[in-house]
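Engineer: attaching a predicted model along with its sequence, questions to come.
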Amino acid sequence: AQSVTQLDSQVPVFEEAPVELRCNYSSSVSVYLFWYVQYPNQGLQLLLKYLSGSTLVKGINGFEAEFNKSQTSFHLRKPSVHISDTAEYFCAVSGGNQGGKLIFGQGTELSVKP
Amino acid sequence: DTAVSQTPKYLVTQMGNDKSIKCEQNLGHDTMYWYKQDSKKFLKIMFSYNNKELIINETVPNRFSPKSPDKAHLNLHINSLELGDSAVYFCASSQGLGFAGGIETQYFGPGTRLLVL
């Protein structure tokens, strides 16, 4: 069975500071990894995804994530956050003939303060 | 044009009622999904359909019945609503490969906020 753990439920940070949102996964098969963002009262939007190849993945809005197979992690980073990055961030995993099912982590609320 | 749309956006109803939520996608995708987001923002898949065929049915009470009249629509009908059904329901779609899928990006609708009183 696959599972995802997001290690921080809330991350407060000041504007222009760097941020890292942590995600660990568990799976017995090869996985595909995703980060989605949910702005208040909206649906989810894909930030980036790892399917194969380079372990450093760049996404939209200046975010990037690094896939680390040995540590089963897929942490999301941004070198300088903006107020507009305030949102809920979800790490998700799929793969292994699961019919496209996304298994989500519990979410991390990123709160950017001026 | 909205890629994945859901109606209604808000739904307030009494316990025991039957209600439906509609979802439409204009992306030409083959696979559609329903997810439930609870009050703690935890997201869990409920169903998926590929070309009108049920692919995933995740231990959801049989009061929930998805219906896919064509591959652009996936509606969710809920019978005998209970307090615990209060949640945000998200529809999503992807250019999936059915059972072997998983690499495709899923595009989410704006959600339907259901409140059962």
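Structural biologist: Yep, that arrived. Residues are numbered from 1 along each chain as shown, chains lettered A, B, ... in the order given.

Engineer: strands along the chain, start to end?
Structural biologist: Since no chain was named, I'll use chain A. Along chain A, counting by DSSP state E, strands occupy A:3-6, A:10-14, A:19-21, A:23-26, A:32-38, A:44-50, A:56-58, A:64-68, A:73-78, A:87-94, A:103-104, A:108-113.

Engineer: try chain B instead
Structural biologist: B:4-7, B:10-13, B:19-25, B:31-37, B:43-50, B:53-57, B:64-70, B:73-78, B:87-94, B:107-108, B:112-116.

Engineer: related to what we said a few turns ago, can you put the strands of chain A in TSV and add mean pLDDT?
Structural biologist: Below are the strands of chain A laid out as TSV (pLDDT from 0 to 100):
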stretch	mean pLDDT
strand A:3-6	93
strand A:10-14	97
strand A:19-21	98
strand A:23-26	94
strand A:32-38	94
strand A:44-50	94
strand A:56-58	96
strand A:64-68	95
strand A:73-78	97
strand A:87-94	94
strand A:103-104	92
strand A:108-113	97
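
Engineer: wait, which of those strands is closest to B:Pro61?
Structural biologist: Closest approach to B:Pro61 among the strands of chain A (Cβ to Cβ): strand A:103-104, 20.4 Å. Bear in mind the C-beta positions are built from the backbone N, C-alpha and C, glycine included.

Engineer: which outside residues touch the closest one?
Structural biologist: A:2-4, A:36, A:90-94, B:42-45 (Cβ atoms under 8 Å, 6 or more residues apart in numbering or on different chains).

Engineer: 6 Å instead, please
Structural biologist: A:2, A:4, A:90, A:92-93, B:43 (Cβ atoms under 6 Å, 6 or more residues apart in numbering or on different chains).

Engineer: direction included, what does it pair up with?
Structural biologist: Note on strand A:103-104: by DSSP bridges, its sheet partners are strand A:87-94 (antiparallel).

Engineer: the inter-axis angle of the strand it pairs with versus strand A:64-68?
Structural biologist: Strand A:87-94 runs at 40 degrees relative to strand A:64-68, counting by axes from the mean of the first three to the mean of the last three Cα atoms, to 10 degrees.

Engineer: got the angle for strand A:87-94 vs strand B:43-50?
Structural biologist: 50 degrees.

Engineer: restricting to C-alpha, output strand A:87-94 in PDB.
Structural biologist: Provided in PDB are the C-alpha atoms of strand A:87-94 (Å, rounded to 0.1, in the frame of the first residue of the first chain):
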ATOM      1  CA  ALA A  87      -2.100  28.400   0.400                       C
ATOM      2  CA  GLU A  88      -2.500  24.700   1.300                       C
ATOM      3  CA  TYR A  89       0.100  22.500  -0.300                       C
ATOM      4  CA  PHE A  90      -0.500  18.800  -0.900                       C
ATOM      5  CA  CYS A  91       2.000  16.100  -1.700                       C
ATOM      6  CA  ALA A  92       0.600  13.100  -3.600                       C
ATOM      7  CA  VAL A  93       1.700   9.700  -4.900                       C
ATOM      8  CA  SER A  94       0.400   7.500  -7.700                       C
END
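
Engineer: centroid-nearest residue for chain B?
Structural biologist: Nearest to the mean C-alpha position of chain B, by Cα atoms, centre = their mean, lies B:Trp34 at 2.6 Å.

Engineer: contact partners for that one?
Structural biologist: B:46-47, B:76, B:91 are the contacts of B:Trp34 under Cβ under 6 Å, 6+ apart.
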